[in-house]
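Okay, sequence plus prediction incoming.
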Amino acid sequence: MNQLLVQSFRRDMRKIERETGILIAGETACCSVTVAQCHLLMEMEMRGPSSLQDIADALSLDKSTLSRTVDSLVQAGLIERVPDKDNRRKVSLSLTGAGKEKCTFINTLCNGQYEDIFSFVPEDKLPVVMEGISILATAMVQKRKEGGAPCCSR
């Protein structure tokens, strides 16, 4: 592959990473949650009631890391632990009413932010951007799941 193309891509990705970080930090601050809490809430909203392990797998986190985030959201009244009636050792996590309201608030705020960003993309290019981001996100997940040697060991 053309090295200048790869370098240009990496430069643009760094810009996207910085801008996304700034955007997410502002959004989560406005929503009174951390970035980790926001990711967890959004995943739970999408999945519905789930086990800690299922959510950890979906977010590519270990259970102990995720457990601390869950604990903070349980204390905030946004998530509840629901014991399985057939197996007391099994617990499902679900959003509370307040958690669902928080997700609605986050979605409304964030959708507005991204709609503002999209206004700077020519209308005829928006489908191309959306498709490209989707393809890139899928490729990045595939690469991570494949594993392999870290870049510094090459």
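That came in fine, so what should we check first? Numbers count the residues shown, from 1 in each chain.

Helix or strand: which one has residue 69?
According to DSSP states H and E, residue 69 maps onto helix 63-75.

can you give me the mean pLDDT across that helix?
Helix 63-75 shows a mean pLDDT of 94 in the predicted model.

buried residues in that helix?
Neighbour-count burial for helix 63-75, counted by 16 or more other C-beta atoms under 10 Å, picks out 66, 69-70, 72-73. In short, each C-beta sits where N, CA and C put it, glycine included.

who's in contact with it?
Applying C-beta atoms under 8 Å, 6 or more residues apart in numbering, the external contacts of helix 63-75 come out as 34, 36-37, 40-41, 52-53, 55-56, 59, 79-81, 93, 99.

can I get the CA coordinates of that helix in CSV?
Output in CSV follows, covering the C-alpha atoms of helix 63-75 (Å, rounded to 0.1, in the frame of the first residue of the first chain):
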residue,chain,number,x,y,z
LYS,A,63,-15.5,-7.9,34.1
SER,A,64,-13.7,-6.4,37.0
THR,A,65,-13.2,-3.1,35.2
LEU,A,66,-16.8,-3.0,34.1
SER,A,67,-18.1,-4.0,37.5
ARG,A,68,-16.8,-0.8,39.1
THR,A,69,-18.6,1.2,36.4
VAL,A,70,-21.8,-0.8,37.0
ASP,A,71,-21.5,-0.2,40.8
SER,A,72,-21.3,3.5,40.3
LEU,A,73,-24.4,3.5,38.1
VAL,A,74,-26.3,1.3,40.5
GLN,A,75,-25.5,3.8,43.3
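
which is the next helix or strand following it?
Following helix 63-75 in sequence, per DSSP H and E, is strand 79-83.

average pLDDT across the longest helix anywhere in the chain?
Looking across the chain with DSSP state H, the single longest helix is helix 3-31. Across helix 3-31, the average pLDDT comes to 90.

Now do the buried residues in it.
Neighbour-count burial for helix 3-31 [16+ other C-beta under 10 Å]: 27-28, 31.

which one is the most centrally placed residue in the chain nearest to, not counting chain neighbours?
What sits nearest the mean C-alpha location of the chain, by C-alpha atoms, centre = their mean, is residue 39, with 4.2 Å. Closest residue to residue 39 apart from its sequence neighbours, by C-beta to C-beta, 6 or more residues apart in numbering: residue 59 at 6.1 Å.
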